[in-house]
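Student: when you get a sec, could you give me coordinates for this:
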Amino acid sequence: MAKRPRKKRAPNRSATRSAADRPLRAVENREPDAGGDRELIASIRAAMRSEDPTAVVTLVSSMLSVTDAWPDPLGEDDQIPLDALVDSFVGTPFAETTVALHVIADLLPDDLDAARVRRGLTGRRHPLPQAVAGLRDLRVIDAARIGDELGDGDNVILGLDWPGIGGVTVVTYVDEAFGTRVKDVFLVPEPFTDVCDRYRELLASEGRRADELEGVGIADARASIEAAIALGDAAGPDAVPDDWAGPGGEPVGWPGARPFVEMLLRRMPAGGRSLLTSDALPEVSVGEALAGFFAARSGAPALDEEIEAVRLLLHDAAEHAGHPLRWSPVQVELALTQRLPFAIDVSADTLEVVPDVLPRVIRYAHRRLGVAHDATEQTVAAVAEWLPAYRTLCDAPSAVRWRDIGSMVEAFQHGDHGPLLVRSLADDVGGPVALERLDDAPLPHEPLDLEGVAPDVRDALVEISGLIDRWLDESPRVAHLGPLREEWRTACRRLLVGATAKSPGWLRRRGAASGRACGLLWATGVPNRLVGPHGAVLVKDLAADFGVTGAPSTKAETLLRAWRDGRWLDDTSLGDAGMLVSQERSRIIRMREEHSR
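Tutor: Residues are numbered from 1 along each chain as shown. Next up, the predicted model:
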């Protein structure tokens, strides 16, 4: 009897749904492992038992802030996938994960993601803390703002109506000392009016007016916080010092609170305007501020260095503090210790005048902005506090070199190659002073001086020098050099003795004298343009004359390390005019004159 054909089944409904429509069940129900899952659940349990009713929301916000649903503040591209975090909670049906998923659903900015999380909660009956149950209906009902009188930051204060808790206050601190950004967020489980009263008491204790704490529209508060977030996300914010930041370099308290704060912003009315202190400063250009400073000045006409110093200070404040007239103790510290000593295209005379000019610039700026007298005096006092560090940094060799290199690079970018070339010439002869004093007199004949050489390596040194003498005297390859052979001999002897006096160990290693002689001739011949494609001797011919099968440069490595003694020098530079023959020094002098005009 033939079998009846089976009726073809229609596909299961779940197979026709997109991934975005499916409940999150990627992880099977399981017990937490002994590692990270158990610790994570324990931390949620501790937050649920905390006396702080906002603890669970704060913790889950921190968890979400390191997922790929939010920007990575450090740009390290090591964020946790949001799906992985949610799937792990969906697959572990405990009371703690139920609570966390409810918070996640309310904090997620994407409605589709939130709906998927809520579908993952289907069938769970765990009781929720009142604060978590009320999170979905939380509202922002009040707002206030208090700014720093010197513009270093603002506190934006939000009053919440949080079902299950009552009055809760969120204080968002916007730091403006390093470019506007959110730095810290505080959730205070106390009513808005109580927190504002404490702020007024604090203002009074500091001699400030209580009305500096002002009520603002909720839409304006939203615009202020959103502006700070957007500016903090922008490329290239100033670096925050390590002691003013969290362990990863991010501002303290942020971005851990970001998911929670952005949930609040979505529930606040739009259409407001930012009320941050930086937005209230009058529009003043550097040119206007410079003209105003000298118009208000009395006495003798200003010197060029004074004008440049004032211009430098106003430019620095405009670029880094956001306004040419914005000066505070924090900005003074940053300018004197982190920025001005390393300013490029600035003369030493201008930097020398800065300590005298800065207090006057501060007083002028504060008069224009209407800053209180006491705040001005605190700012001026910061100048005296940080001047010793400023002077030390300005004179530090690393800062001097940084300024020089920066100026040369800037000139190069504008098509002027002269400064960079002149600096390269200076490095070749031993520095700017040596370049300025350079002459083209022939190197004198000098005997081999063994006075400063260790006794145990003198024989090796004499043998190397003898091989070089014989080659210079007898090789037909250099016969046409005439008197330059004697100068080359002197350069070789100076390098040989100088390197050995500094570090005789290079001659204590095993090595053939012929190879070392070849390396020495290469080391002195290349900087003098005597060895190479356009020199008197080709490299391969030099190697052949001494029976060297490899590159002569390899035979010079230990010699040059001994000579440089830790200094950074180009492979083809000895950094000493005393080892350059007259022909090469004459060429350098011509280039110096041509590019120093």
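
Student: now the element after the helix or strand of the chain with the lowest mean pLDDT, going C-ward?
Tutor: For the chain, counting by mean pLDDT, DSSP states H and E, helix 397-413 ranks last in confidence among helices and strands (a mean of 65). Following helix 397-413 in sequence order, the next helix or strand is helix 418-429 (DSSP states H and E).

Student: what about that following helix, distance to the chain center?
Tutor: Distance of helix 418-429 from the chain centroid (CA atoms, centre = their mean, to the nearest Å) equals 28 Å.

Student: which parts of that helix are buried?
Tutor: Pro419, Leu420, Leu421, Val422, Arg423, Leu425, Ala426, Asp427, Asp428, Val429 (16 or more other CB atoms under 10 Å). C-betas here are computed from N, CA, C, even on glycine.

Student: setting the sequence-adjacent residues aside, check what's closest to the last one.
Tutor: Here the nearest residue to Val429 in space, its sequence neighbours aside, is Ala577; by CB to CB, 6 or more residues apart in numbering that works out to 4.0 Å.

Student: check the fourth one too.
Tutor: Leaving aside its chain neighbours, Val422 sits nearest to His595 (5.3 Å; criterion: CB to CB, 6+ apart).

Student: from what I can see the one you found touches Arg423, true?
Tutor: No - with contact defined as CB atoms under 8 Å, His595 and Arg423 do not form a contacting pair (10.1 Å).

Student: hmm, back to that, and the pLDDT at the residue nearest to Val429?
Tutor: pLDDT for Ala577: 93.

Student: that one contacts Leu438, correct?
Tutor: Yes - if you go by CB under 8 Å, Ala577 and Leu438 touch, sitting 5.8 Å apart.

Student: mind listing the shared neighbours of the two?
Tutor: Val429, Arg585 (CB atoms under 8 Å, 6 or more residues apart in numbering).

Student: could you list the low-pLDDT ranges of the stretch 251-400 of the chain?
Tutor: The model of the stretch 251-400 of the chain has pLDDT under 70 over residues 251-253, 299-301.

Student: show me where it has its helices.
Tutor: Using DSSP state H, counting those that start in this stretch, the helices of the stretch 251-400 of the chain run over 258-266, 277-280, 286-295, 304-320, 329-334, 348-369, 373-395, 397-413.

Student: cool, the stretch 51-200 of the chain as well?
Tutor: With DSSP H, counting those that start in this stretch as the criterion, the stretch 51-200 of the chain has helices at 55-65, 82-90, 95-107, 111-120, 130-133, 192-205.

Student: how about the ones you listed, which one is nearest Ala365?
Tutor: helix 192-205 (23.4 Å; CB to CB).

Student: adjacent strands (with direction) for the helix or strand following that closest one?
Tutor: Next along the chain after helix 192-205, taking DSSP H and E as the criterion, comes strand 214-215. In the sheet, strand 214-215 lines up against strand 139-147 (antiparallel) (DSSP bridges).

Student: how many other residues sit next to Pro552?
Tutor: By the criterion of other CB atoms under 10 Å, Pro552 has 23 neighbours.

Student: give me the element the closest residue to it other than its chain neighbours is part of.
Tutor: Ranked by CB to CB, 6+ apart and with sequence neighbours excluded, the top spatial neighbour of Pro552 is Trp522, at 3.8 Å. Assigned by DSSP H and E, Trp522 falls within helix 513-525.

Student: which other helices and strands contact that helix?
Tutor: helix 458-474, helix 484-502, helix 539-545, helix 552-555, helix 557-564 (3 or more CB pairs under 8 Å, 6 or more residues apart in numbering; DSSP states H and E).

Student: what angle do it and helix 484-502 make?
Tutor: Interaxial angle, helix 513-525 versus helix 484-502 (axes from the mean of the first three to the mean of the last three CA atoms, to 10 degrees): 110 degrees.
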